[in-house]
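Chemist: After the sequence you'll find the predicted model.
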Amino acid sequence: SWNKARKAYLKAPQKFTGKPKIPKYKPKGGKNIVIVDNQTAKLRANGIVEIPVMDSLKIKLQHKETNKIQQVRVIPKNNTFVIEIVYKTNKVIDYKEDNGRYLTIDPGLDNAFTLASNVKGFKPVIINGRPLKSVNQYYNKQKARLTRIYDLSKQNRNTKRLNKLDFYRNQKMLKFAHEASKRIVEIALSHELNTIVIGKNKGQKRSSNMGKRINQNFIGIPHQKMIEMIEYKANLAGIVVIQANEAYTSQTSFLDSEIPINQNGDKARKRKGLSPVKRRIKRGLFKSNKGILINADVNGALQILRKVVPNAFADGIDGIGLVPVKLNLNF
């Protein structure tokens with residue numbers, strides 16, 4: 001509740017991004033989430049969920065392992081309603097053993113996800129994020145144009161055109177997330193990579209400061225939701241997922257076996273008088289201390305793995321794939 005959040009803020013404000021605000025009243029005539037518990041929603045033998053209080057609404061489940069309905073949520077989104085069903089399954093997840101084979105992932109913008117591995121011969125994969133970025137740019141431009149028109153004419157912003165635009169953008173993001181997470185899990189399974197390590201910056205959505213245009217795109221793309229979808233699907237396949245802070249992974253060199261810590265970062269190099277200070281150069285390239293150029297995102301992904309599993313490259317780095325292939329998704 002707000003009161004608990006306020007008390008917690010007074011004790012430890014550093015744990016919050018700002019002072020908790022008192023909740024506002026819901027708008028009159030607005031649409032709210034409806035939650036139906038398992039006393040009302042019934043699961044029939046044919047896999048159909050019935051909700052008698054909603055004019056005998058019937059929903060057919062896709063998963064056959066369903067055991068018991070927990071609740072049904074009806075969520076208003078734009079001009080539609082999304083129905084979410086929470087249920088228990090009979091399936092018991094049998095997590096795979098740590099076999100020393102890892103898939104490491106560096107999330108980004110133009111390169112939505114860069115995949116690399118400590119398995120020799122594995123070819124890194126870059127999931128192209130530019131189409132998703134284009135969708136986000138189109139959405140931002142159209143929304144800015146329409147809201148400007150509505151504000152000048154003093155119209156309500158809650159219009160069919162804006163709702164349709166929101167729906168278009170949200171569906172594109174969701175489809176991309178589903179397709180990307182599906183392909184990532186398939187790659188992990190096909191190469192027997194039993195553990196996935198994903199880079200994550202705590203608070204990156206709020207604190208990102210990469211210029212106005214890049215901020216607009218980076219903040220508009222729900223990276224955390226995509227990561228959660230990867231984790232969910234990977235767990236169902238028995239793959240363990242580890243989220244790791246990716247600080248200093250893009251500033252340190254994989255080829256030079258540097259540990260991604262503050263002492264090896266750009267500021268430390270500047271204090272030590274090392275040149276160049278920044279080794280990540282234009283066009284997504286990273287230059288090692290010996291002048292070798294590799295893909296910057298592949299370097300970052302491999303350094304994320306080194307940070308989480310220091311002995312992942314105990315057998316040396318000869319044969320580790322450094323040249324990525326690009327994967328375009330249909331969404």
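Modeler: Received the coordinates, thanks.

Chemist: C-alpha only now, for contacts and for neighbours.
Modeler: OK.

Chemist: shaky segments in the stretch 1-150 of the chain?
Modeler: Applying pLDDT under 70 to the stretch 1-150 of the chain picks out residues 56, 63-67.

Chemist: Which stretches in it count as helices?
Modeler: Along the stretch 1-150 of the chain, counting by DSSP state H, counting those that start in this stretch, helices occupy 2-11, 130-152.

Chemist: Tell me which of the ones you listed is the most buried.
Modeler: Comparing these by mean neighbour count (mean count of other Cα atoms under 10 Å), helix 130-152 comes out on top with a mean of 15.

Chemist: just checking, Phe313 touches Lys120?
Modeler: No: the criterion here is Cα atoms under 8 Å, and Phe313 misses it with Lys120 at 9.9 Å.

Chemist: Compare those two (neighbour count), which wins?
Modeler: Shown here are Phe313 and Lys120; by other Cα atoms under 10 Å, Phe313 has more neighbours (19 against 15).

Chemist: returning to what we had before: would you reformat the helices of the stretch 1-150 of the chain as CSV and include distance to Leu174?
Modeler: Formatted as CSV, these follow (distance: least, Cα to Cα, whole Å):
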stretch, distance to Leu174
helix 2-11, 30
helix 130-152, 11
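
Chemist: Out of those, the one nearest Pro107 is which?
Modeler: Closest approach to Pro107 among the helices of the stretch 1-150 of the chain (Cα to Cα): helix 130-152, 13.0 Å.

Chemist: and the angle from the helix or strand just after the closest one to helix 130-152?
Modeler: Sequence-wise, the next helix or strand downstream of helix 130-152 (DSSP states H and E) is helix 160-190. Put simply, helix 160-190 runs at 160 degrees to helix 130-152, going by axes from the mean of the first three to the mean of the last three Cα atoms, to 10 degrees.

Chemist: Just the buried residues of helix 160-190, please?
Modeler: 162-163, 165-167, 169-170, 172-174, 176-178, 180-181, 184-185, 188-189 (16 or more other Cα atoms under 10 Å).

Chemist: So which residues make contact with the strand ranked longest in the chain?
Modeler: Longest among the strand segments of the chain by residue count, using DSSP state E, is strand 66-77. Here strand 66-77 makes contact (Cα atoms under 8 Å, 6 or more residues apart in numbering) with 31-38, 41-43, 47, 81-90, 167.

Chemist: Pull out the buried members of these.
Modeler: Neighbour counting by 16+ other Cα under 10 Å classes 36, 38, 41-43, 47, 85, 167 among the contacts of strand 66-77 as buried.

Chemist: so can I have CSV of these showing distance to Gln14?
Modeler: As requested, the buried ones among the contacts of strand 66-77 are arranged in CSV below (distance: Cα to Cα, whole Å):
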residue, distance to Gln14
Val36, 37
Asn38, 40
Ala41, 43
Lys42, 45
Leu43, 46
Gly47, 48
Ile85, 36
Phe167, 36
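
Chemist: Now, the residues you listed that are in strands?
Modeler: Those of the buried ones among the contacts of strand 66-77 mapping onto strands are 36, 42-43, 85, per DSSP E.

Chemist: can you redo these as JSON lines with distance to Val298?
Modeler: Formatted as JSON lines, these follow (distance: Cα to Cα, whole Å):
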{"residue": "Val36", "distance to Val298": "46"}
{"residue": "Lys42", "distance to Val298": "49"}
{"residue": "Leu43", "distance to Val298": "47"}
{"residue": "Ile85", "distance to Val298": "38"}
